[in-house]
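Q: Give me the fold of what follows.
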Amino acid sequence: MEEPPPKIKIRKMVAADQRQWLEMRRTLWPDCPNERHFLEMDQLLRSEGIVLLAEDADGRPLGFAEMTIRRDHVEGTCSAPVPYLEGWYVDPSHRNRGVGRALIDAAEKWALEAGLTELASDAETANDEGIRAHLSLGFREVGRSVHFVRPLRSSRTEI
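A: Coordinates of the predicted model:
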């Protein structure tokens, strides 16, 4: 018999939530160095976007959604600016119980209140679970890409 879905509360993340947020980010992106997590968290808290926190009835964190406003071109969109789902995480023990949907619904409500008309996101090409989650919530796939970075000559070591 399945457990009933938890009572879910969605609220805006605040600076006092940083420890719990960092723990969830480390689980989502385990190869990301702490310095990068701290930089991105600071940028998100100071941006015009929003970070949403999902909690259970006892205030325990269940997941988060990190939203930014992208003003440049976003693949597959017809408008600008576009709210962009930069990070979306649900604790594995609470997946498939409505937490991810509640986060996306709250992100959509926030975007609509801001007068925006589309919501964009991405997932790693090997993240089948994430891709399925996006598709189940009404996102459509608009493309796949491989990203590249090249160090500039001044930062490369001489041979």
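Q: Low-confidence ranges, this structure, go.
A: Where the chain drops to pLDDT under 70, the residues are 1-6, 155-159.
Q: so what does the helix ranked longest in it touch, helix or strand wise?
A: In the chain, with assignment by DSSP state H, the single longest helix is helix 99-113. Contacts defined by 3 or more CB pairs under 8 Å, 6 or more residues apart in numbering; DSSP states H and E place helix 99-113 against strand 9-12, strand 50-55, strand 61-70, strand 82-90. To be clear about C-beta, it is placed using only N, CA and C from the backbone, and glycine gets the same treatment.
Q: May I see the buried residues of the first helix or strand past the shortest one going along the chain?
A: Scanning forward in sequence from strand 9-12 by DSSP states H and E, the next helix or strand is helix 18-28. Using 16 or more other CB atoms under 10 Å as the test for burial, helix 18-28 gives 18, 21, 24, 25, 28.
Q: quick revisit: tabulate the helices and strands packed on helix 99-113 in CSV, adding columns for distance to residue 120 and mean neighbour count.
A: CSV is the format used below for those (distance: least, CB to CB, whole Å; neighbours: other CB atoms under 10 Å):
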stretch, distance to residue 120, mean neighbour count
strand 9-12, 20, 14
strand 50-55, 15, 22
strand 61-70, 7, 22
strand 82-90, 5, 21
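Q: Columns distance to residue 115 on top of these, output as a markdown table?
A: A markdown table is the format used below for the helices and strands packed on helix 99-113 (distance: least, CB to CB, whole Å):
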| stretch | distance to residue 115 |
| --- | --- |
| strand 9-12 | 18 |
| strand 50-55 | 14 |
| strand 61-70 | 11 |
| strand 82-90 | 11 |
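Q: Next, the angle strand 82-90 makes with the helix or strand containing residue 44.
A: Per DSSP H and E, residue 44 falls inside helix 34-46. Calculated by axes from the mean of the first three to the mean of the last three CA atoms, to 10 degrees, helix 34-46 forms an angle of 130 degrees with strand 82-90.
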